[in-house]
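Colleague: based on what follows, work out the 3D shape:
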Amino acid sequence: MYSHILIATDGSSLSGRAVDHGVGLAKALGAAVSLLTVSERFHVFALDAEQVEETASTFREHMREEAIKTLSQAFEVARSAGIEATQIHLEDDEPYQAIIRTAEGRRCDLIVMASHGRSGVSALLLGSETMKVLTHSKIPVLVVR
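Modeller: This is a model prediction of the structure:
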């Protein structure tokens, strides 16, 4: 049914459940797995407090460290299940577009992601990345609550 699954994660506990579910599905189907996390780019003018306090280089290093941590945790879940997984970190102002582009470029036939990763004001201002993927993707999306 599915031969290559893209699992998008932001490192949140909810996203961790999507990783668990996606890896379990991949194991059951014998599918390949690509793990993806997307970091926002640094902006001189930003609403995010992290970006206001940092320079471009320190922000980029912080995002890289977070991405390594996020992907390492997801990779460990896959490894523990006996699944080989490719780790991908991208920077993009529109994470949903990066998710869709990656899935298309890697010829994934399913995207697995959590119902939402952001909370509070950030979610209201930016909207749900999951909803944007659902709206724009031609590839099936499995949403884990």
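
Colleague: which residues in this structure form strands?
Modeller: Secondary structure of the chain (DSSP state E): strands located at 4-8, 32-39, 85-91, 110-114, 141-144.

Colleague: okay, those strands in TSV with mean pLDDT, distance to L71 and mean neighbour count next?
Modeller: Bear in mind the C-beta positions are built from the backbone N, C-alpha and C, glycine included. Converted to TSV, the strands of the chain look like this (pLDDT from 0 to 100; distance: least, Cβ to Cβ, whole Å; neighbours: other Cβ atoms under 10 Å):
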stretch	mean pLDDT	distance to L71	mean neighbour count
strand 4-8	98	10	26
strand 32-39	97	6	23
strand 85-91	97	4	17
strand 110-114	97	15	25
strand 141-144	96	18	18
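
Colleague: so for Q73, which of those strands sits nearest?
Modeller: strand 32-39 (9.6 Å; Cβ to Cβ).

Colleague: that closest one packs against which elements?
Modeller: strand 4-8, helix 13-29, helix 56-80, strand 85-91, helix 95-105 (3 or more Cβ pairs under 8 Å, 6 or more residues apart in numbering; DSSP states H and E).

Colleague: each with direction, which strands does that strand pair with?
Modeller: The strands that strand 32-39 pairs with in its sheet are strand 4-8 (parallel), strand 85-91 (parallel) (by DSSP bridges).

Colleague: for the nearest residue to L142 once chain neighbours are set aside, name its beta-bridge partners.
Modeller: Closest residue to L142 apart from its sequence neighbours, by Cβ to Cβ, 6 or more residues apart in numbering: V112 at 4.7 Å. Counting by DSSP bridges, V112 is bridged to I7, L142.

Colleague: surely H4 meets G105?
Modeller: No. Because the distance of 11.3 Å does not satisfy Cβ atoms under 8 Å, H4 is recorded as not touching G105.

Colleague: between the strands paired with strand 32-39, which one is closest to S15.
Modeller: strand 4-8 (7.8 Å).
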